[in-house]
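Novice: sharing a sequence plus its predicted fold:
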Amino acid sequence: MGAVPLIALLTDFGVSDGYPGVMKGVILGIAPATPLVDLTHEIARQDVRAGAWVLHTAWRYFPEGSVFLCVVDPGVGSARRPNALRAGGRVFVGPDNGLFSYILAECADEQSDAHAVTLANPRYFAARPSDTFHGRDIFAPAAAWLAAGVAFEELGPALPVEALVRLDLPQPTWQGDTLIARCTHIDHFGNILTNIGGALAQAILNNPEVRVSIAGHSITAHAHTFAEGPESDVFLYVDSSGYLALAQRNGSAQVALALPTTSIYEEMLAIAGIEHLREGES
Amino acid sequence: MGAVPLIALLTDFGVSDGYPGVMKGVILGIAPATPLVDLTHEIARQDVRAGAWVLHTAWRYFPEGSVFLCVVDPGVGSARRPNALRAGGRVFVGPDNGLFSYILAECADEQSDAHAVTLANPRYFAARPSDTFHGRDIFAPAAAWLAAGVAFEELGPALPVEALVRLDLPQPTWQGDTLIARCTHIDHFGNILTNIGGALAQAILNNPEVRVSIAGHSITAHAHTFAEGPESDVFLYVDSSGYLALAQRNGSAQVALALPTTSIYEEMLAIAGIEHLREGES
Amino acid sequence: MGAVPLIALLTDFGVSDGYPGVMKGVILGIAPATPLVDLTHEIARQDVRAGAWVLHTAWRYFPEGSVFLCVVDPGVGSARRPNALRAGGRVFVGPDNGLFSYILAECADEQSDAHAVTLANPRYFAARPSDTFHGRDIFAPAAAWLAAGVAFEELGPALPVEALVRLDLPQPTWQGDTLIARCTHIDHFGNILTNIGGALAQAILNNPEVRVSIAGHSITAHAHTFAEGPESDVFLYVDSSGYLALAQRNGSAQVALALPTTSIYEEMLAIAGIEHLREGES
């Protein structure tokens, strides 16, 4: 993709204090011609799991060679390691706290050529790194030096990919004939995403008998597009991320179902009427 | 303006889920050196009219050759056409739902060289376009390929500009000696814009007798700058967009007048004391 | 840092109306290859002091030669001067209303080579500047022409740096054995920053006897990192900006102390138990 890879930024910093801007200033001081893309700075504060999800649904759409600078870092300054991970043709720079769990599940379990290093070479740090803003003083410089052509291995000693922190990523499970799934994300439109992806998501959507129970509501409508959905009922669809999801046309499924906007991961869905799909899955 | 045109993005996606970032990843995978500008991602959800207004007030400030990637798309995946429009020296890519109504009114009615195509050439789509995120899978690639030098006509078959969907754009109308106008936008500062532009807006501002009725309030103060306005009353001015508008110094006219923040287009203004201006207009 | 300096933008415009995007369109029409960085567009409306603070904590992290385009401008169109200031190896463009107070305090008091001009050369304005959006019509063009290589002195007549408007920047003061300080900023995480910086901030943090009174609360805990802080009490730390600050782990110090989110500058802190530090300071 040309000589200079882009750097994509994902943080929980918000934009009001200038923290993402400062990281960009640092980057462009090191690697002036680097294209910079904000993936998001609106991850819920310190919500590593939420950051991991957004990164999961986004990274494949960036060109090979892209560097992801990811900072959701409640443990900044503590013993948690600052890392870089090379996997799936991209590089991911950030704290070792589970932020790259989906990347590892997708790319590092298939005997891929995933590699990791600990960011330990002070040559690629700010002059006097602070204890509370490694995004500015350690992670942004690392990403910038990579963009400037420094070899991945230069950043610090190799770390076995198996040693990286991974979040528990719950999979849908069968309880008798019912599939028990979890919510994973609520988006800007109030659409509710689940952890049912791939062929199973499609098979469920194509099943006219499907019946979803969530938060005391029962949902049976389904559609392939928002415009196809019923006028006012929450309906099932497969999101552009490939996951089964719930939406309300001209409204918010999150509001309609009165789901909380935080810790959505706790929320369960029970999916019935799809017992014939069990064979292929279990 | 140099070899690589910029792409400006306007959506209702918000920034928390990474949707705009993903579109940029797609663009830079196709056209790596493209300058990207966020016009806004905070158009009210699915509010095509609001997107059309912001685009209207902004597009002329971008260099000729700029590509606008505009996605406010409640009908994504339905029969509504994905289009590109070349008009006013720029290119506008997005759904055919009225988002380009002002551009068409400004540029395509004067026997200009406006042209449109339907985005129908799958060569310039993502490999397997989703049904729910054409911003990522159809519109962003189209904008990127244009930036990369693909000819406009390559994107799909020509479409008569007259066939494009246009919103009804209400014009101010005289009822006897009173001019009836509409609100068009409320900005970040609570300033209220109207659909009275051009010479008429200036003439009204320069008229000491003018009296505006809106939402049960009567407004007679006017000023050329915010600093000139009265300390605590709402006052008339001509906005930097060229439209007559209402502001409150050190405050919000929207709050002062207790206007709703959504569907502002329904709100009427009655303007009296300017009957001598009627001649030139009617 | 290469041929083309970056332009960093700081405003109180928000992003919903496209105002920052329009400024970028203007810039890229004049200086097409300029890297653009959003420092922030979320300064509280018309809060010059808040803009000055964010700029203060950020500017040193941008490469030398960077141009800062800063627009928090309640006096737009009035007699307040539009200026450019060259100081600290960067250029700052914006209204003369105190926005550059910290820059002046840091860079222009040490007989440095700081220089200022009034933006008065219409050659570097938009064709017909509006009265209410100098960001678009005067400041963005000035920044862009600088990035395009126009000499600083070309923009208008020199202005003595001493003549620029400066906000009163309160310093911590001793009242007997108690140090009286002020709040300066509340960040996205609810961390509360003060005006105690430098060696004094570090000395206070390292003092086990320190006792801070603020808004009726007494704070004695301290930590070097967030992870080190107590589970549920507000604690003292030195922020990455170098200033003494208050945080709550997994929470917001602003919420815990019930501080207002606006006019935070009024809020006082009384710091006791550090009388031995007085010698070196007074």
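Specialist: Arrived safely.
Novice: what's next to the lengthiest strand in chain A, contact-wise?
Specialist: With secondary structure taken from DSSP state E, chain A has its longest strand at strand A:178-186. Here strand A:178-186 makes contact (CB atoms under 8 Å, 6 or more residues apart in numbering or on different chains) with A:50, A:53-54, A:57, A:170, A:172-174, A:192-196, A:204, A:214, A:243-244, A:254, A:259, A:261, A:264-272, A:274, A:277-278, B:17. All C-beta spots, glycine's among them, are computed from the backbone N, C-alpha and C.
Novice: ditto for stretch A:267-282
Specialist: Contacting residues not belonging to stretch A:267-282 are listed as A:174-175, A:177-183, A:194, A:196, A:200, A:203-204, A:207, A:209-215, A:259-260 [CB under 8 Å, 6+ apart].
Novice: A:His188 against B:Ser16, yeah?
Specialist: Yes - the criterion here is CB atoms under 8 Å, and A:His188 meets it with B:Ser16 at 5.7 Å.
Novice: so what's A:Arg211 bridging to?
Specialist: A:Arg211 forms beta bridges with A:Ala272, as assigned by DSSP bridges.
Novice: gap between the spatially closest residue to A:Leu119 that is not a sequence neighbour and C:Leu39?
Specialist: In this structure, A:Leu119 finds its nearest non-sequential neighbour in A:Pro82, 4.0 Å apart by CB to CB, 6 or more residues apart in numbering or on different chains. The gap separating A:Pro82 from C:Leu39 is 25 Å, by CB to CB, to the nearest Å.
Novice: that older thread, OK, contacts around the residue nearest to A:Leu119?
Specialist: A:Pro82 is in contact with A:94-96, A:118-120, A:134, A:138-139, A:142, counting by CB under 8 Å, 6+ apart.
Novice: rewinding a little: buried set for the longest strand of chain A?
Specialist: Buried residues in strand A:178-186, counting neighbours by 16 or more other CB atoms under 10 Å in any protein chain shown, are found at A:178-179, A:181-186.
Novice: how about stretch A:60-75?
Specialist: Neighbour-count burial for stretch A:60-75, counted by 16+ other CB under 10 Å, picks out A:61-63, A:65-75.
Novice: ok, now stretch A:148-156?
Specialist: Those would be A:148, A:150, A:152, A:155-156, for stretch A:148-156 by 16+ other CB under 10 Å.
Novice: what strand or helix carries the residue nearest to A:Gly198 when sequence neighbours are not counted?
Specialist: Distances taken as CB to CB, 6+ apart place A:Gly242 nearest to A:Gly198, at 6.5 Å, with adjacent residues excluded. If you go by DSSP states H and E, A:Gly242 is not part of any helix or strand.
Novice: and A:Gly242, what does it touch?
Specialist: A:Gly242 neighbours (CB under 8 Å, 6+ apart): A:197-198, A:201.
Novice: tally of neighbours for A:Met176?
Specialist: Residue A:176: Gly, not Met. Around A:Gly176 sit 9 other residues, with neighbours defined as other CB atoms under 10 Å in any protein chain shown.
Novice: mind pulling up the pLDDT for it?
Specialist: Listed pLDDT for A:Gly176 reads 94.
Novice: any idea how far the nearest residue to A:Pro141 once chain neighbours are set aside lies from A:Ser130?
Specialist: Distances taken as CB to CB, 6+ apart put A:Tyr124 closest to A:Pro141, at 5.5 Å, once the chain neighbours are dropped. Note on A:Tyr124: its distance to A:Ser130, by CB to CB, is 16 Å.
Novice: what does A:Ser218 give?
Specialist: For A:Ser218, the distance to A:Ser130 - CB to CB - is 52 Å.
Novice: more neighbours: the two, which one.
Specialist: A:Ser130 (20 against 11).
Novice: can you pull the contacts of the more buried one?
Specialist: A:136-137, C:240.
Novice: return the residues in contact with A:Phe100.
Specialist: Counting by CB under 8 Å, 6+ apart, A:Phe100 makes contact with A:52, A:55, A:70, A:83, A:85, A:87, A:92, A:94, A:164.
Novice: mind running it again at 10 Å?
Specialist: A:48, A:51-52, A:55-56, A:59, A:68, A:70, A:83-85, A:87, A:92-94, A:106-108, A:114, A:116, A:161, A:164-167 (CB atoms under 10 Å, 6 or more residues apart in numbering or on different chains).
Novice: could you pull out the strands for the stretch 1-150 of chain A?
Specialist: A:7-11, A:36-40, A:67-71, A:82-87, A:90-95, A:115-118 (DSSP state E, counting those that start in this stretch).
Novice: got a markdown table for those, with distance to A:Ser232 and mean pLDDT too?
Specialist: Below are the strands of the stretch 1-150 of chain A laid out as a markdown table (distance: least, CB to CB, whole Å; pLDDT from 0 to 100):
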| stretch | distance to A:Ser232 | mean pLDDT |
| --- | --- | --- |
| strand A:7-11 | 35 | 98 |
| strand A:36-40 | 30 | 98 |
| strand A:67-71 | 39 | 98 |
| strand A:82-87 | 43 | 97 |
| strand A:90-95 | 42 | 98 |
| strand A:115-118 | 49 | 97 |
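Novice: relative to B:Leu28, which of the ones you listed is closest?
Specialist: Judged by CB to CB, the one of these that comes nearest to B:Leu28 is strand A:36-40, at 7.0 Å.
Novice: can you check what angle separates the closest one from strand B:36-40?
Specialist: Orientation check (axes from the mean of the first three to the mean of the last three CA atoms, to 10 degrees): strand A:36-40 against strand B:36-40 gives 40 degrees.
Novice: strand A:36-40 vs strand A:67-71, what angle?
Specialist: Put simply, strand A:36-40 runs at 40 degrees to strand A:67-71, going by the same axes, to 10 degrees.
Novice: sorry, back to before: which one of the contacts of A:Gly242 is nearest to C:Asp233?
Specialist: Set against C:Asp233, the nearest of the contacts of A:Gly242 by CB to CB is A:Gly197 (42.3 Å).
Novice: got a list of what that closest one touches?
Specialist: By CB under 10 Å, 6+ apart, A:Gly197 lies in contact with A:172, A:184, A:238-239, A:241-244.
Novice: mind doing that once more with 7 Å?
Specialist: Applying CB atoms under 7 Å, 6 or more residues apart in numbering or on different chains, we find A:Gly197 in contact with A:242-243.
Novice: I'd like the distance between it and chain C.
Specialist: 31 Å (CB to the nearest CB, to the nearest Å).
Novice: now the helices for chain A?
Specialist: In chain A, the helices defined using DSSP state H lie at A:19-30, A:48-58, A:101-107, A:134, A:140-147, A:198-205, A:253-256, A:278-281.
Novice: just send those helices back as a markdown table, with mean pLDDT, distance to C:Thr11 and mean neighbour count too.
Specialist: Formatted as a markdown table, those follow (pLDDT from 0 to 100; distance: least, CB to CB, whole Å; neighbours: other CB atoms under 10 Å in any protein chain shown):
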| stretch | mean pLDDT | distance to C:Thr11 | mean neighbour count |
| --- | --- | --- | --- |
| helix A:19-30 | 98 | 12 | 25 |
| helix A:48-58 | 98 | 26 | 24 |
| helix A:101-107 | 94 | 35 | 20 |
| helix A:134 | 96 | 28 | 27 |
| helix A:140-147 | 98 | 23 | 27 |
| helix A:198-205 | 95 | 43 | 17 |
| helix A:253-256 | 96 | 31 | 20 |
| helix A:278-281 | 66 | 52 | 11 |
